[in-house]
Each structure stands twice: as structure tokens, then as C-alpha cells.
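# kindly return the folded structure for what I paste below:
(2 chains)
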Number of protein chains: 2
Amino acid sequence: MERFPLKSSVSKMATTYQSVYKKGTNEGNGHGGPSGDDDMVNIKPGPHRAADTPTTPTSHGTFQLYEHGTRYSDASATSYIAQYFSSSAGEADDIPGIGQYDDFHTIDWQRDIARDRMRHRYIVKKRQDSIWDLIKGAHDAWSGWVCVLLVGVCTGVVAGVIDIGASWMTDLKFGICPQAFWFNREQCCWSNDEITFDRENCSEWLTWPQVFGESREGPGAYIISYLFYIVWALIFAALSASLVRMFAPYACGSGIPEIKTILSGFIIRGYLGKWTLIIKSVGLILSVSSGLSLGKEGPMVHIASCLGNILSYLFPKYGRNEAKKREILSAAAAAGVSVAFGAPIGGVLFSLEEVSYYFPLKTLWRSFFCALIAAFILRSINPFGNEHLVLFYVEYNKPWKFFELIPFVGLGIIGGCIATIFIKANIYWCRYRKYSKLGQYPVTEVLVVTLVTAIIAYPNPYTRMNTSQLIYLLFNQCGISNTDPLCDYNRNFTDVNTIEKAAAGDGVYRAMWLLTLALVLKLVMTVFTFGIKVPCGLFIPSLALGAIPGRIVGIGVEQLANKYPKSWLFSGECSTGDDCITPGLYAMVGAAAVLGGVTRMTVSLVVIMFELTGGVRYIVPLMAAAMASKWVGDALGKQGIYDAHIALNGYPFLDSKDEFQHTSLAADVMQPKRNETLSVITQDSMTVDDVETLLKETEHNGYPVVVSKESQYLVGFVLRRDLNLAIANARRTMEGITGQSVVVLAGAAGAAGAALGHGPPPLPLARILDLAPITVTDQTPMETVVDMFRKLGLRQTLVTHNGRLLGVITKKDVLRHVKQMDNEDPNSVLFN
Amino acid sequence: MERFPLKSSVSKMATTYQSVYKKGTNEGNGHGGPSGDDDMVNIKPGPHRAADTPTTPTSHGTFQLYEHGTRYSDASATSYIAQYFSSSAGEADDIPGIGQYDDFHTIDWQRDIARDRMRHRYIVKKRQDSIWDLIKGAHDAWSGWVCVLLVGVCTGVVAGVIDIGASWMTDLKFGICPQAFWFNREQCCWSNDEITFDRENCSEWLTWPQVFGESREGPGAYIISYLFYIVWALIFAALSASLVRMFAPYACGSGIPEIKTILSGFIIRGYLGKWTLIIKSVGLILSVSSGLSLGKEGPMVHIASCLGNILSYLFPKYGRNEAKKREILSAAAAAGVSVAFGAPIGGVLFSLEEVSYYFPLKTLWRSFFCALIAAFILRSINPFGNEHLVLFYVEYNKPWKFFELIPFVGLGIIGGCIATIFIKANIYWCRYRKYSKLGQYPVTEVLVVTLVTAIIAYPNPYTRMNTSQLIYLLFNQCGISNTDPLCDYNRNFTDVNTIEKAAAGDGVYRAMWLLTLALVLKLVMTVFTFGIKVPCGLFIPSLALGAIPGRIVGIGVEQLANKYPKSWLFSGECSTGDDCITPGLYAMVGAAAVLGGVTRMTVSLVVIMFELTGGVRYIVPLMAAAMASKWVGDALGKQGIYDAHIALNGYPFLDSKDEFQHTSLAADVMQPKRNETLSVITQDSMTVDDVETLLKETEHNGYPVVVSKESQYLVGFVLRRDLNLAIANARRTMEGITGQSVVVLAGAAGAAGAALGHGPPPLPLARILDLAPITVTDQTPMETVVDMFRKLGLRQTLVTHNGRLLGVITKKDVLRHVKQMDNEDPNSVLFN
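Sure thing, here's the model as predicted:
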């Protein structure tokens, strides 16, 4: 047994300590027997002993527990761990892949967390040995904070670069700054001393017609502008799509469905790698600038998660442990939303509510720190050069009136409907793309969508402008300085602070028509855009899709109040001459409603909207609309867009929000089904050949270990990967191992046989046996099983009846069963 | 079996459906055999069948699963459930206490949640039957929202009443409004048209010396005021303490440690009852008015939780299910903090981070709704009659400078030290009170503490004033209108917006001395106050304990910057003539630090402070101080004040924040220990007498059921309470049951024996057997076991080895083991 290399026991170590102690005892004989150490733990010689001396039933309803063995001091155990760490930390000859996972596989949270605590205990013990170990211990204790600090700083910087780049390139579609071509319009006009309300008319900035000697206005100028707009859009989109296609296919889309899946405990190699990071950042700048109907908020979460993943490799505690790494990724996701919206609290709640799966309170605090640092750095970079702390800062003169809750809830319902239409259409189109020839021409598709978007968008000023600008315009209150047609009211401004009630002018009605057109265009284009192979988010398009009907409804209510000030509805609070309705607030509420309907966010939505707009007084309207929208959305179609995309892609995501509603039992779900056979390994009666045959004939990721074929009493669980590696290793390093060697996973029968000299020596594999598999009985209701999978992060559970093994339930089995019960196609679950 | 009453099966129903289906089959013979129903589930005839035909091992590593029985349609199962519900919903002859818990016992989350889903499924099925059932279904679906709405409204109203009452009685200590004695000073002065900065000098309000014909000032007036102050304080305190002692002993203290314990799944009857609610509300008004060093924020959480508990009884879904009720209680706790500070988001995060245990996302959304409604109602009541939305609204002219992070972190360290001193001293004193004669004289203790507090507090203006006023004063920036000595700077105000740098005057130095005295007094008095038998919270005292050193440090830094403007530290950002340091901000940061150190809140602390003060720009300083304070606190003493009080009272609270650091295995923790015997029941070979003897001889709450004494293979788990009730019931209702009747929990041996006519008829108790107990193997590391207890909310788990039962681990065993490992007294865990 001593010849079996230590390193392959790493996965074993994670789940049981028995081998650790045994090894420690073997090596630390000087420590044998009771020592005076206070910190002693009570260690038994392991299951060998238990199997040697079966439990002896005694009298009435009681029985003797098998005897506890000698007590070993913890120090001897530590020496083993020390050996493992010193041998694995420095050298690279670790058996590759042990303790790791294959691509597209589910991780085992319990095992990874146990591994981390083992490592942690070792470091804590070691700390007393020397100053250097103390420093290493301190480094380890701080590494989580240092890591999220780095993630926060990098996220802030990357977000700043993306903001600056996107803003410059967006302006490039309209013109150029001849003095310094790397200036965007705003920066170009800074050098100008003219104080002007109309930013378009700064003389330093040349529009493309002006560059070509035309005037700013006129049909020729219009055509040149139109052409340049389309050409630039196509160039940006083509570049973005080609980069994604050539260098990082994972960089497309918003990334949030995949990050949700990864955080729920799934491995997608390269999804959070450096190439994805670089291409996603560059591609995001390009695709945002191309004028497509997409936002940069979702991809920002992906970019932040890439940073989290890359930086976690600097800290082995996180980089080498998939479960721990997800703590950093949760924090990174919070930082991503934080920089996207300047909303650190909203970002943390988004990470908690929408993205993360395993979110202990320690992670909450770190995520908050990370989000705050990222927001702070971005604010220090100040890419937009403005003073406001929030993206769409609004200030309304009037509080909302109680009766306005009716239109707000109405907006919630409208928002829920728009969101459902969008989700259904988008999923339909994405499914069509996936299963048709269209999917083979991603760059062409991007170019077509860009061309159509650019051609339709340019003529309408509300679609031509940046979507963020449109949202800001719609959220705003009409003040003196606002020259947009949307604010063309027949009123005389006497005082800045009092806006008198007034009928809408022609401009407002024209704007409403244009906005309605813009709504239809945006809805259609976003359906076709979300899912094409460029980085694209849908927070901003969703906000726009809600802000437009919101503003329209707001203007409608405002005009009603203006026309019928004496009606019962308005008489109470709107009877004075002041304007009592703020259409901008309706736009804000509508935006929240659609975003809520699309993503099914709740608390985080309200907090993000509140941080986004600074509208502390408007939480109640926002909440009313968000609730209405979510209920309408849930009634019309169960899933939000992210969950729908997860289902479309067949990721193994066990939603922690859904409740399992059915009455099935574990016995109904487990494999094997009736008349099928269950592959098991016996603890000490199968030969190496038997095991290898089993490995060849079946494809399971792991095998239950039972006492014997006859009794089927469960002993433990062994992973396919570990079995393969251990057998290959033993053949290489141990003498006399042949196909006839008996594989001894537990028990002493095989070992005893070998001691008597019959046949080849046995192959002891106790180290790779997980003696603590999670089991349930066959009568356990599936809701409990689902709960255990969710809360404990299981890969599989074993099903027993009266101690006998009946079958196995894997995460895939659970997901398939849930799908089947919901009358969906269980074969859409692709991964295990 | 038909004679066995249906009702006693309610607890059985919760964990396994086997009996449900069996019963359904018996009753619904017409449905027997496969039906065409799409919604069929695959049901086996239960373990009887399995035991009849033991699993037959076949060839190579595989075995035959026991045959699935006939398929029964779900409809027949439903008919049984229908019968249960119709029989139990209306009538009151339910066997009392089944499905309920004893006082001071731990609840079983899995069982309660399974029960709720069962009920939910029944209602969903029933919904198609009639319009009335549809309405009932809709009512059920909405009841959660309606319940939290009611809780929010009631919490807002109660908080408003408490605020108004406390404000009136606090002012009563100083004087009276002769026109209308029920007006407080502020309301009294509203009728006055004088516009005055000094609220003390409104002529409508008479101070006590004025009532007795003295002048406002002068030594005579001082003595009269002093006496009235002390007498009123004693009267209020005596009333409060007597009410608590006579009517509701549970109304004392802050209640948060107990609510944490209750939410973690523990029963304390009457702790959230109506008497506690009434007495806590009245007592809180009295004790706050008495001038003791306590706040009303913690008790507000208790009051809101009482409301949540009481209102949940209107909705059987919540009132009759302890696990579901805790969802309402979590929301109520959020509402409590929300009204205490006007901080709905902070309240939700407080509930999530500090109070709640089981907090699914659905609850998050409802809690937010509840907190928002409560805050909205309180704001509509507007008890303070001011416009500000936040309690301590501050507005500073200057942003914070980067170098200020050094003093902020310093304040965090100071705050952590103050908090640790407070916690240690308070726990020492509470332990002394608990184990000495002092505990027998609670009212006397309250009176002594009040007398001492009043005598010492009056002479110092900063302790005489309301603690909230003190905090507001300390947070504030010195403006033109501020006449407090704290703002006695040698400067000329030229412009309201520019405050020039200036040396502090004598008033400031005098104020600093008084503040230092106030700090010492408050610290000492709060140590003695927190824990006396009146309702008392410590948010406000903690904030004050931090605001005082914060302001002092702030003034110090300010004066340094004033004296050495050219030094390297200040030269960059403080070299202009403007005042660059805001001492009020330091007070805010210091307050956050101490509160963070005392309660160990993190994110919720920062969010509450931000909502409390409206200081959106100061999140980074707040966070820096909160982190420093928490780290210092964690280094000096592990627990926050609430956890320390939980430990002091021996509540069974398994903290989800602590990580289990030790290497023990399940086998080390389980009962019975070596040489002891485990009490088990066999599935079909013990007589009623045997079982009753076992029940008499042991005190366990439940017993594992095994196949036979010889084999010890685990079948299930049965609760003591259910056994008692079922046997008593059977003796009453079944014929021929004697002490010699064989108790048949599972298997068919006993039944077969009875069929042959030997001896008395068997007693079938399959209904009360939980066939799905959670099990772990003996080699499972304790950290996994602890994780399972936390995340699944277990009461106990069974320990097996190779399918054989070895022992039981209860929550108490886990807690004792954790204590033992941390070198604490395991016997301090009192409850199970």
C-alpha cells in the first residue's frame, strides 16, 4: 500500500480522511498511541476494522458500536498532508487532471469545499511553525480580499476603456474631430469656448458632409451622412463578428445564461478565458458602436467574470478549486453590473438574485466590496466626463400621486406583454437559427441584421441616436433647456421650478408617432439581434422598449389631466394650475416593467433602477410596475430570457427558484429503470480485468461500491476518472499487478487472500473510494431529492432500500425528470 | 387498517406518500389498474412488497430492481388527500399536537415544506372542480402577498404610534403643553407663529419650572427640572418593568437573538404572541422615554415579528406550518428595520444577513414588498412631522479626500475596540445577573439603573438630550444656523456654500470634553442597560458610541489641517482656504464602525447607514470603516452581541456563517457513544409492551426503525410523539389490541402471523413511519454533516455503515460537538 503514490489520493482526501489518518499513522509511528496533545481527535482505524468485526447485536433494541481504535494525535495526520502539499505545490508531475473536471461536466461542491477546508486546516496548523509559514497563512487568509480587489480594479479599468472606445466610435459614424481624431464629439467640443445648448453645433466637430465640403444640412448632406452611417455600421459589425468567429466563439451573446450555468456548478472550458476576455471587450466596443439594437451591460458581466476567472489563478486557493472559484466569479458578476450601471448595491443583488447559485454571506460582503471598488475606479476614470454619479440621473419636481398607481400597474402589464412577445419571438428565432442552415453563416447574418438596422434606424431620429441617449431623453422632465419635439408644449415658462399645465403641441404628437415607430422597429430588431454572433446584451434595449410606451402613456395621462382637470380622478391632486403628471416618470416605470418582464429580476431590478436614476422617491411605483410585469410574464410564459436560453442550449441548470410540484419518489427517477442493470463494483471480489471490462462497457462517471454482488449493501462510491488513473498508475509502478489481481476498495478479504499467497498481489485502491456518498431511500419524495441537489450541490446521489443499493440519481436524471414532469422534452438536457 | 383514523397520518403524509397512495387505492378501487390519465405517476405498493420479494441479485455487477407495481392514477390518491383536508379543515377534533412541535424544540424543515407542497398540490388539483375551489386556489396563491401586505401596514401603523408616544413622553420629562397636554414640544410650538431657531424658547411650551412659577433659567429652575427629569424617568421605567414582569416576560430585551433562533427553526411558544406585542409596544414607549441608554430599533424587529406571527394565523398556509411561517417572519423582520430607520433596502438586507436562516428568493421579494409598505405607511403617518425621508439626513458640501481613508480606517479600529469592550463587559454582566441573586429583582435593577442614568445624564447636555438628537447633532455639518458649542469656530460666514477654514473656539473644546464624558457614561450605562428586563435595543446607543469618538477625531483632523495646511498630507487637497474636512462625516463613519463591531453586520450596515443619512457619496468610507471594525472585532472576540447572547442563553442556533474547522467524522459525534446502546425499534417484531417500555426508559424524540435486531439494516424513523399518540389512539379505537400485539411499522411478517390467527391482532403503524430519513455514513466528515443540518434544516440524521445503522446525530449533538471543538462548554447547549 505504501507504494501507491500519494498524489492520486488527492480526490480521496477531499471526501474522507480515513486514508489520511492511516497514512499519517504509518509514517508517524513516533506519535502512535495517546499523546498529551489537547487538540486530539478520535480516530478509528477505518472501515477495515469495522468489516473485520461486524457489529454484534446484543440485547433488547441496542447493539454494540464497533470499537473505537487507538487515538492518534493530529500531528501525525498533518505530516501526511504536509507531504501532499509540498509534493504537489512545487512540482508539476501531479497526475494531471485528478481533482479536476472534464469539460462540460458538473462539479461536486461538497468535495471541493471539503478539499478547501482540508487545505485551510493544514495552513492554520502550519502557521505556528515559522515566520514564513505565518506569512503564507496570512496571505492565504487575505487572498480572497486581494483577489476581489484586483477584480474590482481591473473591471473598473476595462469598463472605462470600453466606455471611452464605444463613445468615440459611435461618434465616428457621424463625424470626426480634425484636430485630434481620437476625440469624441464631446471631448472635441471641450476645447470650444462657445457655451451652447446644442451639442451638435460645435464648430470644432466636423460631420462627414462637412468633411466632404458639403453644408451641415440639405439633401446632399443627408445622403452622405446616411451612407457613412451605414458603412461605418457595417465595418464595425463585420470586424466584431469576424473577431468573434476567428478568435473566441464564446465571446458572442450576453454570456449571462452561460455564467448562470457555470456558477451553478458546471465546467465550460475557455468560456472565461483570456481570449474570450480580449475579444469580448474589443467586439463589444465595435458592436455597440455599430448601432445594433444591443447594450453593453450583459457582456460587462461576462467580461468581469473572465477577469475574475483569470485573476483567481494568481491565488491557488481559488484558481485550483472550482467551488471556491465561484465565490470570486459571483463577486465579479456583481462588479460587472456595478460598472455597467454605476449601481454597486444593485449589482450585488443582481448577482445574488439572478446569477449566483451558491452565495454564502461571506461572498455577499466580498461581492459588495468588489462592486464598490469597480464603481469607484470607473468613477475616477470618469469616461463620460460628467459630474453625475448615476447613468440616467433624473430629478422630477413633483412627487407621484396615489391614483397614478393605476397607470403604473397598467404599464407593468404592458411591459409584461412586450417582454413575453420578445422572449417568445427571440427563442423561436434562436431555435430556428440553431436547427437550420442559417447557423452556418454567422458573419453574414450579422451583416444583414446590421444593414437592415442601419437603413431603417437612420431616418427616425429616435432610433438614430444612441439607445442610452434615447432612454435619457425619455426619462427626462421637460425643462426650459430641452429643445426636443417631445417637449413642444404650449406653455410660457415663468419660473424654472413651476411648470404650468399645458396642452401638447404638434411636436409632441409627431414625436409620439416617431416613438411608436421606434418601438416597433426596436422590438423587431432586438428579436433578431439578441443571439447573433457578436457580444450583445439586452438591458439597454429592454429599457428602451419600456421607456417608449411609458413616455407615450405618460403624455396621454398628462393630456387627460390637462383636458379634464375636474374629473373625479384628477380633481383631488391635479386641480391647481401646475403640471401634476411627469411623463418622464412613466418612461422610467415602463422601462423597469419591460426589463423586469424580460429578465424576471425583482429586488435587484428596483434597486438598479433606483441607483440608475437616483429616484429615491419612486421605489413604490417602480415596485408596483415590476410586480405587475413579473406576474403577467409568469402567467404568459414561465421563463425569463436567460432561463429560456439555458433551456435552449440544454445546459444542466437546476433552477433554485422553481418549486418541484410533483409527487414522484426517488425510486421513479433513479437509474437503472425497470429491467435494466445497475453497474456496481464490489469492495474486494472483482479483479482488475473485471473492473476494466466494466469501465469499457459502461459510460457512467462513477460506480457505487457494494459489499458483494449477493448482498448489495452500499460501501461507497468511486469515480470513473479516479479508477482509470489509479489502475494505470498501479500497472506502471507496482510489481506483480496483473489482470487477475483483486481490486480491494474496502474490507480485508482480498488482502487476507493475498497474505496467504494465492494468486497475484491485490491492488489496494481504498484511497480513491469515497466512503461518504450522499444517499437517500427509495421512498424519498423527489422534492427532497431536488432540494438536496440544489442546496448541497450534488453530482449524484445513491438510492437505497433498507441499506441495499437500488440505483443512482444524477443531476441529469433530475433535470430530465423535471422536464418530463413539465411536459417538456427530457432529451433537451444535454450535459451531465 | 381502515379503522386506524386518518388524521393521525398527517405527520406521516409529510414525509412519505406511500400511505397516501395505499389508502387512495383502497378507497378508489374503481380507479384500479392503468388509466388513460396523462398525469399518471408511477407508484409502487410500498415497502411491504419490497420486503416480500427481496431484491434478487443476478449476474455480474447488476441486480434486478424490485418490480414496480400496478400503476394507479393520481386521482385515487387525491381522493384520500381530499378526505384528509375536508375532515381536518373544518372540524377541531384533530388529535391535538400532531404535526405540531413541543415548546423549546427544533422543527423539521423538510417535513414542513413537504407538507406544504402536498397541500399546495391538492389545491391545484382541486382548482378545476368548481368556481369555489378556483377562488380558494387563488386565495391560497395570493395569501403570502396579502399576509405580508397586512404585516407591512400594521408594522407601519404600530411604529407610527410608538414614535408619537415616545416623542410625547420624552418631552414630558422637560415640560408640558398647557393648551393640549397630548402635544409634544414640537407640535405645541406649531401653533406659534414665531420663527425661531431655538426650539426651546417657544412660549406655548412650559417647562416644569415655569409650570411652578419659576423662570426658565436659574438655580431653582435647574433643580426643579433635574428632579422632574429623574422622577419621570423612574415612573416610566417602573411602569415598563412592571408591565413586562406581570404580563409578558418575553417582552424584555431586544428580541433579536431569540428571533434569530426562532427563524433558524426553533419553537418558543408565546415569544411572538399578542401579549408580547402589546406589552413590548407600550413598554418600549415607556423605556425609550425614561432616558435609559437604549434604542427602539431592535425591539421594533421583535414587534414586527409578533405582528407577522399573529397575522399569519389568518392564513392557514402559514399559520399552521412552522417552516412556511418563517417566510412571513423574515419579511416582518425586514419591515421592522425598515420602519426603525426608514431603510427598506437595508431592512431586507438585515433580514437576509443577520436574522434569517432560510431565505429563498421568493421571500426576498416579499420581504422587500413588506419593508416598502411599512416604510410607506410610516411616512404617510409622518410622526415627526418633517419632510426628510431619512432619519439623520445629512448633506455635506465637500466630498471626502482620499487620504481621509487613513483616519476612517483608524475609526474602524477604534470602533471595533469599543464594540469588543462593550460586548465582553455586557456578556460578563449578563452572566453575573443570570447566575447570581440579582436576577431575582428585575424591577429593582431597572429602577437603580434608571436612577443612576438620570442622575448622571442630566448635567451633561449631550447625555440629557435624546440619543437620536445627539447623533443627528454629531452627524451634522456646522452651518450658519447651528448654535451648538460644537460649532463655535472663529470664522466669518460670507457665503452659505463656502465654509472657510477656521480654528476651533473655546466652545468646541468644551464640547469635546463633555462628549468624552458622555462617551464613557454611555458606554458604562449601555453595558448595564442592555439585558435589563425592559424592551431595549442597542442600535441607537451603538451609533452614539461611535459618533462621539468619530466627531472628536474629525475635529482633530480638521484642526490639524487648519494648523498645518502645508504638510505633505494636506497640501494636495486642503491647501485652499476652504474647509476641507467635515467632522460630521467622521461621526457618521465612527457610528457605522461601532454598530458594525457590535452586531457584525456588513452589507446591511453600509446600506442602512446610506439610507439613514442619504449620503450616497460616502459608501466607500463607510465600507472601509465597517471592514476595519469587523476585522478588529473578529480578531478580539469571535461573536457579535446577538450571537453572544444566543450562546449565553444556550439556544440551539447553528450559525450558518461559521465554518466548521475540525477533522472529526460523523462516527465521532453520533450517539450512542462507545459502550452505550442505541434504542431502536424493529419493523415487525416488537410488541406494544416492548415499545411502551422503550418509550418509558428512554427520552429520545425519535427512534430509528430497523429490519431486525440481528441485522440492524435501517428501514426508517419514527417520532416519539407520533408513537405515543398512535398507540393511545389504537388502544381506544381498535379491538383486540393488547400489550402482546405486534407493532408492524413495515414489512409483512407480523401481518402474516396475525392472519394465521396466532395471538392478538397486530397493530399496523406504517403511517407514522418516515421511510425517507436522511442518512450519512459513519465516515462522512462532520463539515458535510454540519452543512446538511444547516442547508436542509434537519432535526437529526441517522448514521450507517454498509447499510447498517450505527447511531443518530441530533442538532444538539452537532452543537455540542462544535462547542467542544472550540474549547467551550458543550453543556451550555440546553435545547434540542
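# and the helix or strand harbouring residue A:350, what does it pack onto?
For residue A:350, the host element (DSSP states H and E) is helix A:344-350. Judged by 3 or more CB pairs under 8 Å, 6 or more residues apart in numbering or on different chains; DSSP states H and E, helix A:344-350 is in contact with helix A:322-341, helix A:361-381, helix A:603-613. The C-beta positions use only the backbone N, C-alpha and C, and glycine is treated the same way.
# what average pLDDT does the following helix or strand past the shortest one get?
Think helix A:603-613. Sequence-wise, the next helix or strand downstream of helix A:603-613 (DSSP H and E) is helix A:619-636. For helix A:619-636, the mean per-residue pLDDT is 89.
# chain center to helix A:619-636: distance?
On the basis of CA atoms, centre = their mean, to the nearest Å, helix A:619-636 sits 23 Å off its chain's mean C-alpha point.
# now do the same for the residue of chain A found nearest chain B: its pLDDT.
Of all residues in chain A, residue A:803 sits closest to chain B, at 2.3 Å by CB to the nearest CB. Predicted confidence (pLDDT) for residue A:803: 83.
# any idea how far it lies from residue B:772?
Applying CB to CB, to the nearest Å, the value for residue A:803 to residue B:772 is 14 Å.
# ok, residue A:427 next?
Using CB to CB, one obtains 37 Å as the distance from residue A:427 to residue B:772.
# which of the two has more residues huddled nearby?
residue B:772 (25 against 20; other CB atoms under 10 Å in any protein chain shown).
# measure the more buried one to residue B:702 for me?
Taken as CB to CB, the span from residue B:772 to residue B:702 is 14 Å.
# among the helices and strands packed on helix A:344-350, which is the most enclosed?
Looking across these with neighbours counted as mean count of other CB atoms under 10 Å in any protein chain shown, the highest average goes to helix A:322-341: a mean of 30.
# what's it packed up against?
Counting by 3+ CB pairs under 8 Å, 6+ apart, the packing neighbours recorded for helix A:322-341 are helix A:109-126, helix A:131-172, helix A:256-263, helix A:297-312, helix A:316-319, helix A:344-350, helix A:361-381, helix A:603-613.
# out of these, deepest packed?
For the helices and strands packed on helix A:322-341, the highest mean count by mean count of other CB under 10 Å goes to helix A:344-350, at a mean of 31.
# could I get the CA-only coordinates of it as CSV?
Coordinates of each C-alpha in helix A:344-350 appear next as CSV, following Å, rounded to 0.1, in the frame of the first residue of the first chain:
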residue,chain,number,x,y,z
PRO,A,344,-23.0,48.7,-6.7
ILE,A,345,-25.8,47.6,-4.4
GLY,A,346,-27.9,46.7,-7.4
GLY,A,347,-25.0,44.7,-8.8
VAL,A,348,-24.7,42.7,-5.6
LEU,A,349,-28.4,42.0,-5.5
PHE,A,350,-28.3,41.0,-9.2
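# neighbouring contacts of that helix?
A:333-338, A:340-341, A:364, A:367-368, A:371-372, A:374-375, A:601, A:603-604, A:607-608, A:610-612, B:345, B:603, B:607, B:619 (CB atoms under 8 Å, 6 or more residues apart in numbering or on different chains).
# just the mean pLDDT for stretch A:349-357, thanks.
86.
# likewise for stretch A:174-189?
On average, stretch A:174-189 scores 80.
# residue A:444 and residue A:809: what is the separation?
From residue A:444 to residue A:809 the distance is 44 Å (CB to CB).
# which one's more surrounded, the two?
residue A:809 (26 against 12).
# how is the more buried one assigned, secondary-structure-wise?
With DSSP: H, G, I helix; E, B strand; the rest coil as the basis, residue A:809 sits in strand.
# quick one: residues contacting it.
With CB under 8 Å, 6+ apart, residue A:809 has these contacts: A:666, A:669, A:670, A:671, A:776, A:785, A:796, A:797, A:798, A:799.
# okay, and the beta partners of it?
Beta bridges link residue A:809 to residue A:797 when assigned by DSSP bridges.
# and the gap between residue A:778 and residue A:791?
Residue A:778 sits 21 Å away from residue A:791, going by CB to CB.
# tell me which of these two has more neighbours.
residue A:778 (23 against 17).
# what number of residues lie near the nearest residue to that one once chain neighbours are set aside?
Ranked by CB to CB, 6 or more residues apart in numbering or on different chains and with sequence neighbours excluded, the top spatial neighbour of residue A:778 is residue A:667, at 3.9 Å. Neighbours of residue A:667 under the rule other CB under 10 Å: 24.
# and if you look at residue A:674?
Neighbours around residue A:674, by other CB under 10 Å: 10.
# ditto for residue A:398
By other CB under 10 Å, neighbour count at residue A:398 equals 16.
# any idea how far it lies from residue A:170?
On the measure of CB to CB, residue A:398 and residue A:170 end up 34 Å apart.
# do residue A:334 as well
27 Å.
# one more: residue A:807?
58 Å.
# same thing with residue A:781?
55 Å.
# cool, and residue A:778?
According to CB to CB, residue A:778 and residue A:170 sit 61 Å apart.
# so where's the stretch 451-600 of chain A shaky on pLDDT?
A:480-481, A:491-501, A:571-579 (pLDDT under 70).
# sorry, slip of the keys, the one I care about is chain A.
A:1-99, A:191-201, A:384-391, A:480-481, A:491-501, A:571-579, A:615, A:747-759, A:830-832.
# so where do the strands sit in it?
Taking DSSP state E as the test, the strands found in chain A are A:175-176, A:206-207, A:681-682, A:686-687, A:702-706, A:714-719, A:742-744, A:763-764, A:775-777, A:796-801, A:804-810.
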